[in-house]
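>>> Build me a model from this:
(one chain, ligands or ions: 2)
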Amino acid sequence: MRIENETFVNRIAKLTGKEIYRCFQCRKCSSGCPVAEFMDLLPAQIIRLVQFGFKEKIFSSETIWICASCETCTTRCPNEIDIALIMDTLRQECIQEGYSPAQKNVYLFHRIFMASIKDNGKIHELGMIKNYKQKTGTYFEDIKLGLKMFAKGKIKIFPHKTKGLNDIRRILDKY
Ligand code: SF4
Ligand code: SF4
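Ligands and ions are numbered 1, 2, ... in the order given. Coordinates of the predicted model:
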């Protein structure tokens, strides 16, 4: 069921903290964000849109998918607003409310990442690369980087399953 606009800010505040009401648009979050130049809306603008309940504009924005969850914004905010958590929550709400992610490949990457954790208890890079490339058809992108990582032993051929895998799967299923 879709959330009505007037309750949107209350729901996000409930999930992420009432501090969101304190934002006074100093833009420290935006000026410190390492990927701001790739965003269509700055983090401070996203916070303002949440306050005003403009969820359609937020959910059609690339920003929430470009965010790398680095938490620089959260540590810089003078009002202790957890902007990184808000971005994460907005991604989840976007999907739960049935909106199409503005960055489909980023969403696909999230899903492949979680599937790898469910299969092995941790990520298996080569398996993830294979699945991602098959689904996006980007077979030759980043090939040089991949070879470099392989040469340095960062990409293992076979997956290694974690102890307690069933517990991890139970947690993921519950979540
Ligand atoms: S740093 Fe905090 S108060 Fe300043 S614009 Fe960003 S969210 Fe608002
Ligand atoms: S958590 Fe996201 S929005 Fe915040 S600084 Fe990092 S990339 Fe930018």
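
>>> The longest helix anywhere in the chain: which residues count as buried?
In the chain, assigned by DSSP state H, the helix with the most residues is helix 104-120. Residues 106, 107, 109, 112, 116, 117, 120 are the ones in helix 104-120 that count as buried (16 or more other CB atoms under 10 Å). (Each C-beta comes from the backbone N, C-alpha and C, glycine too.)

>>> repeat for stretch 142-162
146, 155, 159.

>>> same check, this time on stretch 166-175
Neighbour counts using 16+ other CB under 10 Å place residue 168 of stretch 166-175 among the buried residues.

>>> Now the worst-scoring helix or strand of the chain on mean pLDDT - C-alpha only, PDB.
Here the helix or strand of the chain ranked lowest by mean pLDDT, DSSP states H and E is helix 5-16, holding a mean of 87. Output of helix 5-16 as PDB, limited to C-alpha atoms (Å, rounded to 0.1, in the frame of the first residue of the first chain):
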ATOM      1  CA  ASN A   5       2.600  12.200   1.200                       C
ATOM      2  CA  GLU A   6       1.600  13.900   4.500                       C
ATOM      3  CA  THR A   7       2.700  10.800   6.500                       C
ATOM      4  CA  PHE A   8       5.900  10.200   4.500                       C
ATOM      5  CA  VAL A   9       8.100  12.400   6.600                       C
ATOM      6  CA  ASN A  10       6.700  10.900   9.800                       C
ATOM      7  CA  ARG A  11       7.400   7.400   8.600                       C
ATOM      8  CA  ILE A  12      11.000   8.200   7.500                       C
ATOM      9  CA  ALA A  13      11.600  10.000  10.900                       C
ATOM     10  CA  LYS A  14      10.200   6.900  12.700                       C
ATOM     11  CA  LEU A  15      12.700   4.700  10.800                       C
ATOM     12  CA  THR A  16      15.700   7.000  11.000                       C
END
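
>>> so residue 139 makes contact with residue 130?
No. Using CB atoms under 8 Å, residue 139 is not in contact with residue 130, being 10.1 Å away.

>>> I am finished for the moment; much appreciated.
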